[in-house]
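S.K.: Sequence plus the predicted model coming up.
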Amino acid sequence: MELPVILTISIGGKIKEYFAISGDKLHTDLGVINLDELNGKSFGDTIRSHLGAEFIIRKPKAPDLFKYAKRTGAPMMPKDIGVIISNTGLCSTDHVLDAGTGSGILSIYLGSIAEKVVTYEIREEFVEIALQNFALAGLANIELRHGDITVEIQGLDEKFDVITLDTMDASKAIPYVPRVINPGGFLAVYSPFFEQAKEVREAIEKTGFAEVTTIELIEREIAFTGRGTRPSTSRVGHTGFITIARYY
Ligand SMILES: C[S@@+](CC[C@H](N)C(=O)[O-])C[C@H]1O[C@@H](n2cnc3c(N)ncnc32)[C@H](O)[C@@H]1O
């Protein structure tokens, strides 16, 4: 079995987990795990530390990458990624254009579903980290290109079914979306501030799309405690506004 793997153990009813990325030993508070012993094992099998703690071996999936992948900035939250996936109807034959790559978390979720993802990152120092994260995710269908999407989109001669923009200057790329989007394709733009969301809406209106909606998704976790059950008092606050527009 190849790395990475997630190793989980239940201690006193609480789940602890460890992300084993590389090397031949993993040092944990429950002992040292010899990762060579993963050879010949399958997901769901167990592996023991030198102190006898027994861990279940799990295959990492996109939510694990959200938790454990190296970050270059704020990745998109899974709740917002869910809105993009559901509202664009992303499917296994789709080709996606994404920018900016950042830590690559959105690209990893998109690449887990779509046929191909092309993602642009303007900052060279972020490119290597995102590439490492794609390798950890085991995805070979994500092509990372170094460049400014607002410039690169003007020269692209490929077509995409879904275009996702998570950059402060997304509105500058929007006028060029019609030249690279397939008929009936979707544009999804993530904007942390009202001001940006407004710029995005204005650019969409000027460019001309068939439909457009902007939403904010509020997530409330429910806390189950001995005292009672209610929405958690510590929660994720505002993350961003998501604008979804469909091209003719
Ligand atoms: C908020 S992060 C994206 C996070 C990413 N969606 C994720 O889930 O990990 C924004 C990224 O866009 C990059 N960026 C900003 N402007 C850009 C542009 N014009 N073209 C390409 N990348 C850009 C930034 O360097 C940064 O890494």
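M.R.: On my side now, so go ahead. Residues are numbered from 1 along each chain as shown.
S.K.: phi, psi of the nearest residue to I11 once chain neighbours are set aside?
M.R.: Counting by CB to CB, 6 or more residues apart in numbering, the nearest residue to I11 once its immediate chain neighbours are dropped is L30, at 7.8 Å. C-beta coordinates here come from the backbone N, C-alpha and C atoms, glycine included. Listed backbone geometry of L30 is phi -110, psi 20, with angles given as degrees, to the nearest 10.
S.K.: and if you look at S103?
M.R.: Phi and psi for S103, reported as degrees, to the nearest 10, are phi -80, psi -10.
S.K.: Close to the ligand: what parts of the protein are there?
M.R.: When proximity is defined as CB under 6 Å from any ligand atom, the chain approaches the ligand at 72-76, 99-100, 102-106, 120-123, 126, 148-150, 166-167, 169.
S.K.: Of all the residues in the chain, which one is nearest the ligand?
M.R.: G100 (2.0 Å; CB to the nearest ligand atom).
S.K.: Just list what the lengthiest strand in the chain packs against, helices and strands only.
M.R.: Across the chain, the longest stretch assigned as strand under DSSP state E is strand 181-191. If you count contacts as 3 or more CB pairs under 8 Å, 6 or more residues apart in numbering; DSSP states H and E, strand 181-191 packs onto helix 78-88, strand 160-165, helix 170-173, helix 194-207, strand 241-246.
S.K.: Dump these to JSON lines, plus mean pLDDT.
M.R.: Below are these laid out as JSON lines (pLDDT from 0 to 100):
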{"stretch": "helix 78-88", "mean pLDDT": "98"}
{"stretch": "strand 160-165", "mean pLDDT": "98"}
{"stretch": "helix 170-173", "mean pLDDT": "98"}
{"stretch": "helix 194-207", "mean pLDDT": "98"}
{"stretch": "strand 241-246", "mean pLDDT": "98"}
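S.K.: among these, which is the most enclosed?
M.R.: Counting by mean count of other CB atoms under 10 Å, strand 160-165 has the highest mean neighbour count of the helices and strands packed on strand 181-191, with a mean of 26.
S.K.: ranges for the helices of this structure?
M.R.: Along the chain, the stretches classed as helices by DSSP state H are 62-68, 78-88, 105-113, 124-137, 149-152, 170-173, 194-207.
S.K.: Keeping just the C-alphas, turn stretch 157-174 into PDB.
M.R.: What follows is stretch 157-174, C-alpha atoms only, in PDB (Å, rounded to 0.1, in the frame of the first residue of the first chain):
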ATOM      1  CA  ASP A 157      -8.000  28.100 -27.000                       C
ATOM      2  CA  GLU A 158      -9.700  25.400 -24.900                       C
ATOM      3  CA  LYS A 159     -13.400  25.200 -23.800                       C
ATOM      4  CA  PHE A 160     -14.600  24.400 -20.300                       C
ATOM      5  CA  ASP A 161     -18.000  23.200 -18.900                       C
ATOM      6  CA  VAL A 162     -17.400  24.900 -15.500                       C
ATOM      7  CA  ILE A 163     -15.200  27.900 -14.600                       C
ATOM      8  CA  THR A 164     -14.400  28.600 -10.900                       C
ATOM      9  CA  LEU A 165     -12.800  31.900  -9.900                       C
ATOM     10  CA  ASP A 166     -11.500  32.500  -6.300                       C
ATOM     11  CA  THR A 167      -9.300  35.600  -6.700                       C
ATOM     12  CA  MET A 168      -9.800  39.200  -5.600                       C
ATOM     13  CA  ASP A 169      -9.700  40.300  -9.200                       C
ATOM     14  CA  ALA A 170     -12.200  37.800 -10.600                       C
ATOM     15  CA  SER A 171     -14.300  40.500 -12.200                       C
ATOM     16  CA  LYS A 172     -11.500  41.300 -14.600                       C
ATOM     17  CA  ALA A 173     -11.500  37.700 -16.000                       C
ATOM     18  CA  ILE A 174     -15.300  37.600 -16.400                       C
END
